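> Return atomic coordinates for the entry below.
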Amino acid sequence: MCKRNAGVAEGGSEATLQGSCADTGFARVPARRASVRRPSTIELMLLATVFLWALNLTVTRYILTHGFAPLAYATYRYGLATAIFIAIVLVGERTLRIARRDLPLVGLAALFIFLNQLSFVYALDRTSASTIALILGATPAFAALIGLVLGLERLSRRFWLAAAISFAGVGLVALGSGGEVAGDHLGILLGVSTAATWAAYSVAVGPLMERYSASRISVAALGLAWVGIALVGLPQTVDQDLDVGWKVWALLLFATLGPLVLTTILWFRVIHRIGASRATLVANLQPFVAAIFALVLLSEQMSLLQVLGGLLIAGGILTARRRSPPAPAPD
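Prediction:
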């Protein structure tokens, strides 16, 4: 073994140590560095998507409590997003065409996203972002139930147990929001509607994803939804005071470019590379990350019942995702 000689103190030079080793005839063994795996591009895209989705609830809640009417906000946001998607598709694909046979499905998807946005903005207008975030954790259960009704899913006993756990969690979140469900019953119901309509939209665009890009689907579905939002929200948009400060306008621009446009592109690229099941495992973290953002950035408070409800919703997700161990190979 090669040891430091008396002339090499803690601050001694590396050259002195190398000379000592050479004198004794022993080869110097280089120190091993701990290898740290760098996250892949797909992992970074997935984490960025979850981060932006989670932050969107806090940003939207802030905008709605600092001068913007709910439907005016949705009108500006979806109008800008639709224009951006049109530009992306025209540059990248040079056509906005949707086959005639797919138009009914596009219309259905547009209806769901229209209802989703009405529910989303009014839920956050009436209820805390952390409460809505936890309720959105039940979205996978709604998606599976819709798939069952349409004959797209065959659900196991494990799913029914997971759904019961998740919906029990939603009930606790509702009770914890005001001591009783009636405390803010409309905001809670709108939060549930947000989760259900987003699940329905996700199911509706599934067949379209086999034939069109996410951006082209967004042009058609978001564009039609924007027309509905603009018509319903016209009185609020006309009366909207535009002098809300640069911070609110900057956050509206962020909420459009990040959580709406960029995440649409990133999410479907991730699904294409690693599949929906693996991507959803990480995406299921979004409601709980969103709740943390709201608690920290908006100084919201959460009752013990809401925390327990969030844990039940998370337990439902884990129960639904857990797979039985593989059967042992025959001898």
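> can you pull the contacts of the residue nearest to Trp226 when sequence neighbours are not counted?
Spatial nearest neighbour of Trp226, excluding adjacent residues (Cβ to Cβ, 6 or more residues apart in numbering): Tyr78 at 4.1 Å. Every C-beta, even on glycine, is put in place using the N, C-alpha and C of the backbone. Each residue near Tyr78 by Cβ atoms under 8 Å, 6 or more residues apart in numbering is listed here: 117, 222, 225-226, 229, 260.
> ok, then the element right after the least confident helix or strand in the chain by mean pLDDT?
Least confident helix or strand of the chain, by mean pLDDT, DSSP states H and E, is helix 14-24 with a mean of 42. Per DSSP states H and E, helix 14-24 leads on to helix 41-64 as the next helix or strand towards the C-terminus.
> Let me see the residues that make contact with that following helix.
Residues contacting helix 41-64 (Cβ under 8 Å, 6+ apart): 39, 70, 73, 120-121, 124-125, 128-129, 132-133, 248, 251-252, 254-255, 258-260, 262-263, 266-267, 269-270, 273-274, 279, 282-283, 285-287, 289-290, 292-294, 297-298.
> and it, which residues are buried?
Of the residues in helix 41-64, 42, 45-64 count as buried by neighbour count, 16 or more other Cβ atoms under 10 Å.
> then it to CSV, C-alphas only?
Extracted in CSV, the C-alpha atoms of helix 41-64 (Å, rounded to 0.1, in the frame of the first residue of the first chain):
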residue,chain,number,x,y,z
THR,A,41,-34.6,14.9,-22.2
ILE,A,42,-37.9,13.1,-21.9
GLU,A,43,-37.8,13.2,-18.1
LEU,A,44,-37.1,16.9,-18.1
MET,A,45,-40.0,17.5,-20.6
LEU,A,46,-42.3,15.5,-18.3
LEU,A,47,-41.2,17.3,-15.2
ALA,A,48,-41.6,20.7,-16.9
THR,A,49,-45.1,19.8,-17.9
VAL,A,50,-46.1,18.8,-14.4
PHE,A,51,-44.5,21.9,-13.0
LEU,A,52,-46.3,24.2,-15.4
TRP,A,53,-49.7,22.5,-15.0
ALA,A,54,-49.3,22.7,-11.2
LEU,A,55,-48.3,26.4,-11.2
ASN,A,56,-51.2,27.3,-13.5
LEU,A,57,-53.8,27.0,-10.7
THR,A,58,-51.9,29.4,-8.5
VAL,A,59,-51.4,31.8,-11.4
THR,A,60,-55.0,31.7,-12.4
ARG,A,61,-56.2,32.2,-8.9
TYR,A,62,-54.0,35.2,-8.5
ILE,A,63,-55.2,36.8,-11.8
LEU,A,64,-58.9,36.3,-10.9
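> ok, Val244 - contacts?
Neighbour list for Val244: 66-68 [criterion: Cβ under 8 Å, 6+ apart].
> Hmm, I typed the wrong one, I wanted Gly107.
Per Cβ under 8 Å, 6+ apart, neighbours of Gly107: Leu224.
> between the helix or strand it falls within and helix 41-64, how big is the angle?
Using DSSP H and E, Gly107 sits within helix 103-126. Following axes from the mean of the first three to the mean of the last three Cα atoms, to 10 degrees, one obtains 60 degrees for the angle between helix 103-126 and helix 41-64.
> how about helix 103-126 as PDB, C-alpha atoms only?
Written as PDB, here are the backbone C-alpha positions of helix 103-126 (Å, rounded to 0.1, in the frame of the first residue of the first chain):
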ATOM      1  CA  LEU A 103     -65.800  16.700 -37.300                       C
ATOM      2  CA  PRO A 104     -68.400  15.300 -34.900                       C
ATOM      3  CA  LEU A 105     -65.700  14.100 -32.600                       C
ATOM      4  CA  VAL A 106     -63.900  17.400 -32.800                       C
ATOM      5  CA  GLY A 107     -67.200  19.200 -31.900                       C
ATOM      6  CA  LEU A 108     -67.600  16.900 -28.900                       C
ATOM      7  CA  ALA A 109     -64.100  17.600 -27.700                       C
ATOM      8  CA  ALA A 110     -64.700  21.300 -28.200                       C
ATOM      9  CA  LEU A 111     -67.900  21.100 -26.100                       C
ATOM     10  CA  PHE A 112     -66.000  19.300 -23.300                       C
ATOM     11  CA  ILE A 113     -63.100  21.800 -23.200                       C
ATOM     12  CA  PHE A 114     -65.700  24.700 -23.300                       C
ATOM     13  CA  LEU A 115     -67.500  23.300 -20.300                       C
ATOM     14  CA  ASN A 116     -64.100  22.600 -18.700                       C
ATOM     15  CA  GLN A 117     -62.900  26.200 -18.900                       C
ATOM     16  CA  LEU A 118     -66.200  27.600 -17.600                       C
ATOM     17  CA  SER A 119     -65.900  25.200 -14.600                       C
ATOM     18  CA  PHE A 120     -62.200  25.900 -14.200                       C
ATOM     19  CA  VAL A 121     -62.300  29.700 -14.000                       C
ATOM     20  CA  TYR A 122     -65.400  29.900 -11.800                       C
ATOM     21  CA  ALA A 123     -64.100  27.100  -9.500                       C
ATOM     22  CA  LEU A 124     -60.900  29.100  -8.900                       C
ATOM     23  CA  ASP A 125     -62.900  32.300  -8.600                       C
ATOM     24  CA  ARG A 126     -64.900  30.900  -5.700                       C
END
